[in-house]
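Asks: Build the 3D model from these lines:
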Amino acid sequence: MTLIAIECGGTIDKFIGDAVMANFGTPRSHGNDAQNAFDCALMMHCRMYLSSIASRNALYDAIELLQCIAWYVWNKTNNNIVNQFC
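Replies: Sure thing, here's the model as predicted:
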């Protein structure tokens, strides 16, 4: 997951248990930091889905991912303020 955050332009801040915390826009903003953070989250979600594809809940994970993408795209196309992702 750390490699995904770095590839998306994030800076690793700290590790919290099994989680990783990354900042986007530090130390310098690139102007598209929110998009980079969303892309990172989406790529991480896809990676988690692919790693759990053999499980019985893989179908539910796929549906959740598609709902998340649809929610984001709908808000972006309708110029709504997106305060939180999925």
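Asks: count of residues packed around Leu50?
Replies: Applying other Cβ atoms under 10 Å, we find 11 residues neighbouring Leu50. The way it works is simple: take the backbone N, C-alpha and C, and place the C-beta from them, glycine included.
Asks: same for the helix or strand hosting it, what does it pack against?
Replies: According to DSSP states H and E, Leu50 maps onto helix 33-51. Secondary-structure packing of helix 33-51 (3 or more Cβ pairs under 8 Å, 6 or more residues apart in numbering; DSSP states H and E): helix 2-7, helix 58-77.
Asks: for that helix, which positions count as buried?
Replies: 33, 36-45 (16 or more other Cβ atoms under 10 Å).
Asks: Out of those residues, the closest to Ile69 would be?
Replies: Within these, proximity to Ile69 (Cβ to Cβ) peaks at Leu42, which comes in at 7.2 Å.
Asks: Any stretches of this structure with poor pLDDT?
Replies: Counting by pLDDT under 70, the low-confidence segments of the chain come to 52-61, 71-86.
Asks: let's see it at 80
Replies: Within the chain, the stretches with pLDDT under 80 are 48-86.
Asks: Send me the helix holding Leu50 as CSV with only the CA atoms.
Replies: Coordinates of each C-alpha in helix 33-51 appear next as CSV, following Å, rounded to 0.1, in the frame of the first residue of the first chain:
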residue,chain,number,x,y,z
ASP,A,33,-3.9,16.8,-4.6
ALA,A,34,-7.5,15.8,-3.9
GLN,A,35,-7.7,13.9,-7.1
ASN,A,36,-4.4,12.2,-6.3
ALA,A,37,-5.7,11.2,-2.9
PHE,A,38,-8.9,9.8,-4.4
ASP,A,39,-6.9,7.9,-7.1
CYS,A,40,-4.7,6.4,-4.3
ALA,A,41,-7.8,5.3,-2.3
LEU,A,42,-9.3,3.8,-5.4
MET,A,43,-6.1,1.9,-6.3
MET,A,44,-5.8,0.7,-2.7
HIS,A,45,-9.4,-0.5,-2.7
CYS,A,46,-8.8,-2.3,-6.0
ARG,A,47,-5.7,-4.0,-4.5
MET,A,48,-7.7,-5.1,-1.5
TYR,A,49,-10.5,-6.4,-3.8
LEU,A,50,-8.0,-8.4,-5.9
SER,A,51,-6.4,-9.9,-2.9
